[in-house]
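>>> A predicted structure for the sequence below; I have some questions about it.
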Amino acid sequence: KNEVEQSPQNLTAQEGEFITINCSYSVGISALHWLQQHPGGGIVSLFMLSSGKKKHGRLIATINIQEKHSSLHITASHPRDSAVYICAVVSQGGSEKLVFGKGTKLTVNP
Amino acid sequence: EPEVTQTPSHQVTQMGQEVILRCVPISNHLYFYWYRQILGQKVEFLVSFYNNEISEKSEIFDDQFSVERPDGSNFTLKIRSTKLEDSAMYFCASSQNRPPSIQYFGAGTRLSVL
């Protein structure tokens, strides 16, 4: 059973486009993380959300707890945004582990 | 900016050999994690560690795996007798606060078991 589903799997955009990546999950959660994995493999944490919306620069993350859905938006996309974006959740009930989605590979062309 | 450092960046070993993957978490962090990512697959949780003991582990983390914080700075993952299927990227992460909280990841160690 895949608890975290992301869409799309792959996304190609032109520089300047508005990007949306979606994440759905099936369990009750205490938090949801958005992470960025660079082509070299390194992972960077972008956001941790438990409700509402967060913004950092050109990145916006939203979560709807009732619908078990989160979105990551990138405004004015740039080739340097090209990476794999990963959604991960922490289940309710005191668990510490992150359960990861398969990731969305974003390519932004100049 | 403080960062999590992992060594080595790439480890090649023969099947059946023991390997130790090393991590230096951010200095004031108290919670430590190991994850692995088999090539082309999603990242998977292995183990979390707090106050010198394992606080949670996954089904993957069987008896061939162990973790240790041998001193005040290092956090290690030992695989006792490596198998071909242990080939993966292993990530260490740390966080300052009790989960859930932002985790800071190292660059990873690529383990190749031949």
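It's in.
>>> Just say helix, strand or coil for A:Arg80.
Following DSSP: H, G, I helix; E, B strand; the rest coil, A:Arg80 is assigned to helix.
>>> neighbours around it, how many?
Using other Cβ atoms under 10 Å in any protein chain shown as the criterion, A:Arg80 is surrounded by 8 other residues. C-betas here are computed from N, CA, C, even on glycine.
>>> so how far is A:Gly57 from it?
Distance, A:Arg80 to A:Gly57, by Cβ to Cβ, to the nearest Å: 12 Å.
>>> Now stretch A:69-87: buried residues?
Burial within stretch A:69-87, assessed by neighbour count using 16 or more other Cβ atoms under 10 Å in any protein chain shown, is assigned to A:70-74, A:77, A:81-87.
>>> restrict those to those near chain B?
Among these, the ones lying near chain B by Cβ under 8 Å from any Cβ of the partner chain are A:Ile86.
>>> Widest-spaced pair of the buried residues of stretch A:69-87?
Pairwise distances across the buried residues of stretch A:69-87 (Cβ to Cβ) peak at 21.1 Å, for the pair A:Ser70 and A:Ser82.
>>> What parts of chain B come near chain A?
Counting by Cβ under 8 Å from any Cβ, the residues of chain B near chain A are B:31, B:33, B:35, B:37, B:41-45, B:48, B:55-56, B:58, B:89, B:91, B:93, B:99-105, B:107-108, B:110.
>>> hmm, 6 Å instead?
B:42-43, B:45, B:48, B:56, B:89, B:99-100, B:102-103, B:105, B:107-108 (Cβ under 6 Å from any Cβ of the partner chain).
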